[in-house]
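Undergrad: got a structure for you, letters missing:
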């Protein structure tokens, strides 16, 4: 993660974890052990259904490491098309 954030500082890293508990665990790990001090956001829950393009743009401006459940990321990428794959330098699928 540190490598990708350093080499591609204008791109984000995304972690996709299957449960809210695993999202929280991954986010905690990144905050604690990444030397680069990534700006980590946890993307879970039904409130994500109400995010707009402006919400996602704001998120991408504030955070460089997104950790979310598959449905949240899938919806943002494919259904609503608020995110583009080209905005990420690394995608990690947990379990």
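TA: Okay, I see it. Source: prediction; values computed, not measured. Residues are numbered from 1 along each chain as shown.
Undergrad: Now do the end-to-end distance for stretch 59-68.
TA: 13 Å (Cα to Cα, to the nearest Å).
Undergrad: Contacts for it, please.
TA: 1, 5, 9, 11-17, 23, 26-27, 30, 34, 38-44, 48, 51, 73, 83, 87 (Cβ atoms under 8 Å, 6 or more residues apart in numbering). C-beta: built from backbone N, CA, C; applies to glycine.
Undergrad: what stretches of this structure score poorly on pLDDT?
TA: Residues of the chain meeting the criterion pLDDT under 70: none.
Undergrad: in it, which spans are helices?
TA: 2-7, 20-33, 53-62, 70-74 (DSSP state H).
Undergrad: Adding distance to residue 94, write those helices out as a markdown table.
TA: A markdown table is the format used below for these (distance: least, Cβ to Cβ, whole Å):
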| stretch | distance to residue 94 |
| --- | --- |
| helix 2-7 | 16 |
| helix 20-33 | 6 |
| helix 53-62 | 20 |
| helix 70-74 | 10 |
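Undergrad: Residue 95: which of these is closest?
TA: Residue 95 lies closest, by Cβ to Cβ, to one member of the helices of the chain: helix 20-33, at 7.2 Å.
Undergrad: ok so, going back, of the helices of the chain, give the one that comes closest to residue 92.
TA: Here helix 20-33 is closest among the helices of the chain (Cβ to Cβ), at 8.2 Å.
Undergrad: most neighbours per residue, which of the helices of the chain?
TA: helix 70-74 (a mean of 17; mean count of other Cβ atoms under 10 Å).
Undergrad: so who does residue 76 touch?
TA: 48, 51, 56, 82-83.
Undergrad: same thing but at 6 Å, please
TA: Counting by Cβ atoms under 6 Å, 6 or more residues apart in numbering, residue 76 makes contact with 82-83.
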